[in-house]
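Q: what would the 3D arrangement of this be:
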Amino acid sequence: QVQLVESGGGLVQAGGSLRLSCAASGSFFRINVMGWYRQAPGKQRELVAGITSGGSTNYADSVKGRFTISRANTKNTVYLQMNSLKPEDTAVYYCNGGIRRWITSEASDYWGQGTQVTVSS
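A: The predicted structure follows:
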C-alpha cells in the first residue's frame, strides 16, 4: 500500500506564506515525478508545480516567482513553499506522485487526500 499524506495548509492573509509538505509511505521501488495540484470551488483541478527525481521543475504561470517546489528524495517528501499568497490561490491542494511499485512496473499515479489553503483579502 502506498500513501501520500499532505500537511501544512491553513488560513493566511494575502501577502503571507505557507509551506506544504507531502510524504510518501509504504512499499515501492521509486518515485518519479512529484507535483502539487489545486482545485478551487467550481473549477477543474490544475497543475501548480511539478518536480522530477532529478530536480527539474515546472510551474503554472499564475504561481511563477511566488511558489517554489522542492523534494527530499531520501525522505520521499515533496514541499511547496508559497509566498506572496493571493485570495485566488484559495483551493484544496493535492499532492501527486508517479510511483513505481516494483522495479519491473510502470509508474502509477497516487494522490494525497488534499489540504485546504485559504487566503483572506
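Q: got a list of what the residue nearest to residue 81 when sequence neighbours are not counted touches?
A: Counting by Cβ to Cβ, 6 or more residues apart in numbering, the nearest residue to residue 81 once its immediate chain neighbours are dropped is residue 68, at 4.4 Å. For glycine as for every other residue, the C-beta is placed from the backbone atoms N, C-alpha and C. For residue 68, the contact set (Cβ atoms under 8 Å, 6 or more residues apart in numbering) comprises 49, 80, 81, 83.
Q: mind showing which ranges of the protein have poor pLDDT?
A: Nowhere does the chain drop to pLDDT under 70.
Q: so the spatially most central residue of it bridges to which residues?
A: The chain has residue 36 as the residue nearest its centroid, 2.6 Å off, counting by Cα atoms, centre = their mean. Judged by DSSP bridges, the bridge partners of residue 36 are residue 49, residue 95.
Q: picking that back up, buried subset of the contacts of residue 68?
A: 49, 80 (16 or more other Cβ atoms under 10 Å).
Q: which ones among the contacts of residue 68 map onto strands?
A: Judged by DSSP state E, the subset of the contacts of residue 68 located in strands is 49, 80, 81.
Q: ok, the first one to residue 71 distance?
A: Between residue 49 and residue 71 the distance, using Cβ to Cβ, to the nearest Å, works out to 11 Å.
Q: now do residue 55
A: In terms of Cβ to Cβ, residue 55 sits 8 Å off from residue 71.
Q: those two: which is more packed in?
A: With neighbours defined as other Cβ atoms under 10 Å, residue 55 and residue 71 compare such that residue 71 has more, 21 against 10.
Q: distance from the chain centre to the helix or strand containing the more buried one, please.
A: Assessed by DSSP states H and E, residue 71 sits inside strand 67-72. From the chain centre to the centre of strand 67-72 is a distance of 9 Å (Cα atoms, centre = their mean, to the nearest Å).
Q: go on, stretch 26-41?
A: 7 Å.
Q: for it, buried residues please.
A: 28, 31, 33, 34, 35, 36, 37, 38.
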